[in-house]
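Engineer: sequence and predicted structure are below.
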Amino acid sequence: MVFKKMMRAFGVGGPSVDTVLTNPNTRPGLNLEGRVNITGGDHMVDIEYVSLGLVTKVEVESGDSEYNQHTEFHKLNIAGRFPVHPGQPISIPFQFPVPWETPLTNIQGGQRLHGMTMGLRTELAVAGAVDKGDLDQVNVFPLPAQERIVEAFARLGFRFKGADCERGHIRGVQQHLPFYQEIEFYPPGQYHGINSAEVTFVASPHGMAVVLEFDKRGGLFTSGHDVINTYQVDYRSVDSTDWAGVVDGWVRQAMSRRPHQQTHHQPHYPPQPHYGHHQPHYGHGGHGGHGYRHGHHGGAGMVGGIAAGLVGGFVAGEILDDLFDGD
């Protein structure tokens with residue numbers, strides 16, 4: 001599947017740019033590959049640089065107000081200074097690494113997470129003027145570990161509520177991006193003491209932190225409160241773990257916890273073969289305020305029968321120009 005972007009840079013007679021992604025579907029830790037094709041206009045220009053950047057929508061809390069901000073969180077220069085003569089075709093191949101902490105936009109099967117946007121922006125500079133151009137839509141699918149955990153929530157009866165990115169850092173977690181993604185679920189009846197569950201994945205090449213925040217209901221003589229736990233997941237354990245059982249244990253542990261307790265868990269798993277690093281095609285389309293997260297607080301889906309329980313939280317793939325209105 002190919003996404004193309006055409007723009008006329010720097011006014012009438014300037015060069016035109018066509019950015020082509022070989023495959024717009026990716027996962028954290030993989031590469032986006034493609035070419036930036038430049039065609040000279042009616043006069044020679046000197047391109048100072050060509051860069052690519054991943055852009056997403058981030059919720060920012062400022063005092064008592066909140067607003068959304070389009071944030072470029074990873075940028076790569078793919079070419080330095082070079083001349084472009086009239087009518088000259090130039091093609092620049094690229095491999096753009098996707099950060100491990102990149103938020104998810106899609107779940108397997110092509111369903112897009114409502115509220116999530118992601119684009120690859122091409123930027124050219126000529127004689128000090130910068131043309132940021134438009135955005136090419138990018139679809140970020142989950143790592144196997146992320147998919148298994150989200151699937152476990154669905155198997156336990158949790159229903160998807162929403163997903164967003166929020167500016168800030170999570171205390172006690174090694175986080176590189178200036179924001180984190182929250183995937184929120186409604187709990188089923190058997191977890192009667194919980195109003196909602198929020199899941200944050202902070203992935204790295206060797207493992208992943210899973211941060212769970214539960215909004216617990218108040219009782220007759222107690223007020224409601226939040227419980228936050230952090231767990232470490234070894235990628236080698238993914239296929240040998242009963243994730244429904246593990247997630248059920250996480251939820252029940254939170255139900256028995258006292259207000260504002262914060263714990264970190266490092267489980268020990270048997271070694272399993274590590275994942276490969278080939279980029280798949282994934283079919284066709286397919287908290288601040290609690291003393292723990294520095295930022296605001298506020299997810300993911302399934303295949304087959306599990307998808308039916310979460311489908312209300314998904315929308316079909318939208319046109320990125322609409323999602324990034326005004327960018």
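Structural biologist: Nice, I can see it.

Engineer: C-alpha only now, for contacts and for neighbours.
Structural biologist: OK.

Engineer: can I get the helix or strand harbouring Thr122 in PDB? Just the C-alpha atoms.
Structural biologist: According to DSSP states H and E, Thr122 maps onto strand 118-126. Extracted in PDB, the C-alpha atoms of strand 118-126 (Å, rounded to 0.1, in the frame of the first residue of the first chain):
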ATOM      1  CA  MET A 118       0.000   9.900  13.300                       C
ATOM      2  CA  GLY A 119       1.700  11.400  10.200                       C
ATOM      3  CA  LEU A 120       5.100  11.600   8.600                       C
ATOM      4  CA  ARG A 121       5.900  15.100   7.600                       C
ATOM      5  CA  THR A 122       8.400  16.100   4.900                       C
ATOM      6  CA  GLU A 123      10.300  19.400   5.500                       C
ATOM      7  CA  LEU A 124      12.500  21.200   2.900                       C
ATOM      8  CA  ALA A 125      14.600  24.300   3.400                       C
ATOM      9  CA  VAL A 126      15.600  26.700   0.600                       C
END
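
Engineer: mean confidence score for it?
Structural biologist: Averaging pLDDT along strand 118-126 yields 92.

Engineer: what do you get for stretch 130-142?
Structural biologist: So the average pLDDT for stretch 130-142 ends up being 86.

Engineer: contact partners of the helix or strand containing Ala197?
Structural biologist: Taking DSSP H and E as the criterion, Ala197 maps to strand 194-203. With contact meaning C-alpha atoms under 8 Å, 6 or more residues apart in numbering, strand 194-203 is reached by 100-101, 146, 173-175, 180-187, 208-217, 255, 298-299.

Engineer: in this model Val140 seems to touch Asn25, though I could be wrong.
Structural biologist: Yes: in this structure, Asn25 is within contact of Val140 by C-alpha atoms under 8 Å, at 6.0 Å.

Engineer: contact partners for the residue nearest to the spatial centre of the chain?
Structural biologist: With distances taken as C-alpha atoms, centre = their mean, Pro103 lies nearest the centre of the chain, 1.2 Å away. With contacts defined as C-alpha under 8 Å, 6+ apart, Pro103 is in contact with Val140, Cys165, Tyr180, Gln181.

Engineer: try it again at 6 Å.
Structural biologist: Pro103 is in contact with Gln181, counting by C-alpha atoms under 6 Å, 6 or more residues apart in numbering.

Engineer: show me what Gln69 is bridged to.
Structural biologist: Val58 (DSSP bridges).
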